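Student: Provided below are the primary sequence and the corresponding predicted coordinates.
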Amino acid sequence: SVYPSYTFFKRFFTGALEPAMAAVNGSNISLLAGALAAVIASLGLTPLEAARIRTVAEPEQYRTLGLSGTMAVIAAENEELGWRTLYAGLPSLLTRQVIFG
């Protein structure tokens, strides 16, 4: 969920600034906290989305493996990239999450 990270970053940035400066920049703090929270959420969501898409596209191959088995198979498909293969969709997900999230 994005909300706990948003709350953490908003409190962090508000506490890092002088109270008067934090009051003036409340909107900027909220935008920055929301963007950072979306990035954190996307780092966790990207491998799960990769596994979900594979399972939907080829259910007979991946459904019996479960989530961790599907992610292991995806990571093993490209020996050079390994687990980084699961993050191939990160740029597009970040764009969507930060802009619309």
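Tutor: Sure thing, it's come through.
Student: what's the neighbour count on residue 7?
Tutor: 12 (other C-beta atoms under 10 Å). The C-beta positions use only the backbone N, C-alpha and C, and glycine is treated the same way.
Student: confidence score at it?
Tutor: At residue 7, the predicted lDDT confidence score is 95.
Student: Determine the three-state secondary structure at it.
Tutor: Using DSSP: H, G, I helix; E, B strand; the rest coil, the structure places residue 7 in helix.
Student: Would you map the helices across this structure?
Tutor: Using DSSP state H, the helices of the chain run over 3-16, 19-24, 26-57, 59-62, 66-77, 90-100.
Student: The helix or strand of the chain with the lowest mean pLDDT vs helix 26-57, what angle?
Tutor: Lowest by mean pLDDT, DSSP states H and E among the helices and strands of the chain is helix 66-77, with a mean of 78. For helix 66-77 against helix 26-57, the angle by axes from the mean of the first three to the mean of the last three C-alpha atoms, to 10 degrees is 90 degrees.
Student: Please enumerate residues in contact with helix 66-77?
Tutor: Contact with helix 66-77 is made by 47-48, 50-51, 54-55, 62, 65, 82-83, 85-86, as judged by C-beta atoms under 8 Å, 6 or more residues apart in numbering.
Student: and the residue lying farthest from the centre of the chain, how far is that from residue 26?
Tutor: Going by C-alpha atoms, centre = their mean, the residue of the chain most distant from its centre is residue 20, 32.4 Å out. Distance, residue 20 to residue 26, using C-beta to C-beta, to the nearest Å: 11 Å.
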